[in-house]
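*Asks:* got a predicted model here, sequence first, then my questions.
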Amino acid sequence: MALADGRSLPASVLADEAGVSAQTASAHLAKLREGGLVTVEKSGRHRYYRLTGPEVATALEALTALALPRPARSLRAHPRATALRRARTCYDHLAGDLGVQVTAALVAADALHPADAIPDTHRRPHDPLSAPLPAHPYELGTTAKEVFACLGVDLSETATPSCPTRRPLLRFCLDWTEQRHHLAGRLGAALLTALLTQRWLTPGRRPRALVLTPEGARHLAAALPLPGNLTQEHDDQS
């Protein structure tokens, strides 16, 4: 999970994150390399590991829904878990409570249109918990260009990138903590980049955690029909 935000980390750091010996971490990383789940790059005396792509991060996020919850072993662990649930990165897009609320607000504003005629972002009966969504029940809505522009995303540039890519514009994950859909794909990545660039979101103290700034709360509330208690909660937390 430490690699799920797209970073490259040395084996020693990953061993510390997992609470195992360096030898155990190296053995596990070797198996992950053989399976094509991580890549490695050598820099000086260290080898840096990273996930092979966003599809691996999506699978990891989904698998955590099946894993036993990790007990909080200290008072500090409770706010860490809360921060990750509130807002976090899922590889290169926004996840957690804020991620699903933003996606729901995009649907409410008709920037995203439910192709399956279900007007919300809750888990559908056919959505698996342990794999990316096999079908994505949303398409761009009538207000997509205007709404995403208010959020700092040029939809025309995102829809037709200058560099060829096989990554779809629209993709959706079942958020493992909230059990609702959040926006991924090229558009999800562009949205997170815009929110960070404008400092509406800033990195939190915990890896992958994000903090909604007071300015970000105001701008999001003006651009999207978000619940007032959500923006207030993130505002207070920042």
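*Replies:* Nice, thanks for sending it over.
*Asks:* residues contacting Thr103?
*Replies:* 112, 121, 172, 180-183 (Cβ atoms under 8 Å, 6 or more residues apart in numbering). Every C-beta, even on glycine, is put in place using the N, C-alpha and C of the backbone.
*Asks:* ignore what I typed, I meant Arg205.
*Replies:* Arg205 is in contact with Ala83, counting by Cβ under 8 Å, 6+ apart.
*Asks:* the nearest residue in space to Ala2 that is not next to it in sequence: neighbouring residues, count only.
*Replies:* The shortest distance from Ala2 to any non-neighbouring residue, by Cβ to Cβ, 6 or more residues apart in numbering, is to Glu17 (4.4 Å). Using other Cβ atoms under 10 Å, Glu17 is surrounded by 14 other residues.
*Asks:* for the record, mean pLDDT for stretch 104-119?
*Replies:* In this model, stretch 104-119 has an average pLDDT of 93.
*Asks:* and that stretch, which residues are buried?
*Replies:* Going by neighbour count (16 or more other Cβ atoms under 10 Å), the buried part of stretch 104-119 is 104-107, 109, 111-114.
*Asks:* same check, this time on stretch 160-176
*Replies:* Here stretch 160-176 shows 169-176 as buried, counting by 16+ other Cβ under 10 Å.
*Asks:* all helices for this structure, in order.
*Replies:* For the chain, the helices defined by DSSP state H occupy 11-18, 22-34, 54-63, 77-86, 96-108, 144-150, 155-159, 185-197, 214-223, 228-237.
*Asks:* how about those in TSV, adding distance to Met1?
*Replies:* As requested, the helices of the chain are arranged in TSV below (distance: least, Cβ to Cβ, whole Å):
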stretch	distance to Met1
helix 11-18	8
helix 22-34	13
helix 54-63	6
helix 77-86	9
helix 96-108	13
helix 144-150	29
helix 155-159	27
helix 185-197	18
helix 214-223	25
helix 228-237	21
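*Asks:* coming back round to it: tell me the contacts of the residue nearest to Ala2?
*Replies:* Taking Cβ under 8 Å, 6+ apart, one finds 1-2, 9 in contact with Glu17.
*Asks:* ok, 10 Å please
*Replies:* Glu17 is in contact with 1-3, 9, 25, 207, counting by Cβ atoms under 10 Å, 6 or more residues apart in numbering.
*Asks:* for Gly204, give me phi and psi.
*Replies:* phi -90, psi -180 (degrees, to the nearest 10).
*Asks:* that older thread, so which of the contacts of Glu17 belong to strands?
*Replies:* Leu9 (DSSP state E).
*Asks:* now the buried members of the contacts of Glu17.
*Replies:* 3, 9, 25, 207.
*Asks:* in the residues you listed, find the pair that's most separated.
*Replies:* Largest separation among the buried ones among the contacts of Glu17 by Cβ to Cβ: Ala25 and Pro207, giving 16.5 Å.
*Asks:* any idea how far Leu3 is from the residue nearest in space to the middle of the chain?
*Replies:* In the chain, the centroid-proximal residue (Cα atoms, centre = their mean) is Cys90; its distance is 2.4 Å. Distance, Cys90 to Leu3, by Cβ to Cβ, to the nearest Å: 12 Å.
*Asks:* okay then, goodbye and thanks.
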